[in-house]
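Asker: Make a model of this:
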Amino acid sequence: MIYAEEDMLMLSGIQHYMFCPRQWALIHIEQQWNDNRLTAEGHLLHERVDDPFYRQKNGDRLTLRSVSIASKALGLYGITDAIELIPSDTEANSITHPLYAGHWQPYPVEYKRGKSKPDERDEVQLAAQVLCLEEMYRIHIEEAALYYGETRHRERVAITDELRELTRACAEGMHEIYKSGITPKAIRKSHCKSCSLVDICLPKLGQRMPASNYLRNHLYEEAT
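Answerer: Purely as a prediction, here's the structure:
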């Protein structure tokens, strides 16, 4: 399926969808957001990274920041944290740059504040960037990387067929929810406590807790 320009969704939201479809809908359909310590730290990290005029030459390798990307096949658009351009001896799977002669292989790098996650939410966001670049430049990218600020460690990510299919499935799920306009019901999970929208989402109510009990508990907590 090829999505029209007016149907494109934010690529950065795919990590929210992978974490929790309800969280994604609250942010991207209901336009609700609430910062916590984790999101604030993430903003600070990206303030250091997101500079569209940044160009760094490290040996033969060139680093670009805040590159706009899009995929009509996924129906997603966004901005990368960093793309490293690695010199290539061939035109295959390479691109050219107007300011630098020769051919370059793009190597996306996504920056995250914490450490690697128990699921693939970070890998899916990275893979979505890869799929955008592949569509835009008609190339194939086999590997990219995630850099974690807490561990100060870069993790190489193989862009496998399985990861590509998971990424496409997530993008399709985002479009289905967006088209329906219906926010999924809350389902309480262990990672809800780290979600910045937990007080908006109210996952406890998703476990069929009567509203009177929920209000009584929280009013008691506030009173004490």
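Asker: who's in contact with the helix ranked longest in the chain?
Answerer: When the chain is parsed with DSSP state H, its longest helix is helix 161-180. By C-beta atoms under 8 Å, 6 or more residues apart in numbering, the residues outside helix 161-180 that reach it are 3, 7, 9, 13-14, 17-18, 21, 24-25, 28-29, 74-76, 120, 123-124, 127-128, 131, 157, 183-184. Glycine gets a C-beta too; all of them are placed from N, C-alpha and C.
Asker: do the same with stretch 77-90
Answerer: Taking contacts as C-beta under 8 Å, 6+ apart, the residues outside stretch 77-90 that touch it are 8-12, 46, 49-50, 60-71, 94-95, 97, 100, 102-111, 128-129, 132-133.
Asker: shaky segments in the protein?
Answerer: The chain contains residues with pLDDT under 70 at 33-59, 188-196, 198-200, 202-224.
Asker: how does it divide into domains?
Answerer: Domains of the chain are assigned by automatic domain parsing as 5-184, 185-224.
Asker: contacting residues around Ser116?
Answerer: Taking C-beta under 8 Å, 6+ apart, we find Ser116 in contact with 122, 146, 148, 151, 155.
Asker: Show me what the longest strand seen in the chain pairs with in its sheet, parallel or antiparallel.
Answerer: Scanning the chain for the longest strand, with DSSP state E as the assignment, gives strand 100-112. Strand 100-112 pairs in its sheet with strand 82-88 (antiparallel), strand 95-97 (antiparallel), strand 143-148 (parallel), by DSSP bridges.
Asker: how about the shortest one: buried residues?
Answerer: By that I understand strand 95-97. Neighbour counts over strand 95-97 (16 or more other C-beta atoms under 10 Å) mark Ile95 as buried.
Asker: cool, stretch 71-79 as well?
Answerer: Applying 16+ other C-beta under 10 Å to stretch 71-79 flags 71-72, 74-78 as buried.
Asker: Redo the residues you listed as TSV? Include distance to Glu176 and secondary structure.
Answerer: Listed next are these as TSV, based on distance: C-beta to C-beta, whole Å; DSSP: H, G, I helix; E, B strand; the rest coil:
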residue	distance to Glu176	secondary structure
Ser71	17	strand
Lys72	17	coil
Leu74	13	coil
Gly75	11	coil
Leu76	14	strand
Tyr77	18	strand
Gly78	19	strand
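Asker: biggest separation within the residues you listed, which pair?
Answerer: Lys72 and Gly78 (13.4 Å; C-beta to C-beta).
Asker: ok, Ser71 to Pro87 distance?
Answerer: When distance is defined by C-beta to C-beta, to the nearest Å, Ser71 is 26 Å away from Pro87.
Asker: quick one: the helices in the protein?
Answerer: Using DSSP H, helices in the chain cover 13-19, 21-28, 37-49, 121-137, 161-180, 198-201, 211-223.
Asker: Lovely, talk soon.
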